[in-house]
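Visitor: Have a look at this prediction, sequence included:
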Amino acid sequence: KTEVDDGAYAHVTMAACGAKLCGVISRTFNSTGEYKSTSIGKKIVWDMQAKGSGRYKSGKIWQPSTEKVYKSKMALNGNSLQISGCVGPICKKQMWSRIK
């Protein structure tokens, strides 16, 4: 589950894509509950390379609200996934959580 961004959040299904890790938006939610966003089915994470110890590097993350793609990395710690990425000098972070 992503953090809320521009009033909405998503459930992301993570899976291997070749030797790398990718994530696809599987469900979307806003203040009124679940809704059918045009982002469902789109890749939000791709090309993440495992570094070991739950860390991933050299990937890309797409921010649907701005249509920007960030060079990014991730770190998994239990049920939390720290996401960080940059476009030029602008960097952002989010903490995603595992859905049971």
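Guide: Great, that's in hand.

Visitor: Please identify the buried residues of stretch 87-100?
Guide: When burial is assessed from 16 or more other CB atoms under 10 Å, stretch 87-100 yields the following buried residues: 92, 94, 96. Heads up, the C-betas are built off the backbone N, CA and C, glycines and all.

Visitor: list the contacts for Val24?
Guide: 12-13, 15, 41-44 (CB atoms under 8 Å, 6 or more residues apart in numbering).

Visitor: Let's see that with 6 Å instead.
Guide: 13, 43 (CB atoms under 6 Å, 6 or more residues apart in numbering).

Visitor: same thing with Val87?
Guide: Val87 is in contact with 68, 70, counting by CB under 6 Å, 6+ apart.

Visitor: one more time with 8 Å
Guide: 68-71.

Visitor: swap in Gly54?
Guide: Neighbours of Gly54 in contact, by CB under 8 Å, 6+ apart: 75-77.

Visitor: Can you flag the buried ones in those?
Guide: When those are checked for burial by 16+ other CB under 10 Å, the buried set is empty.
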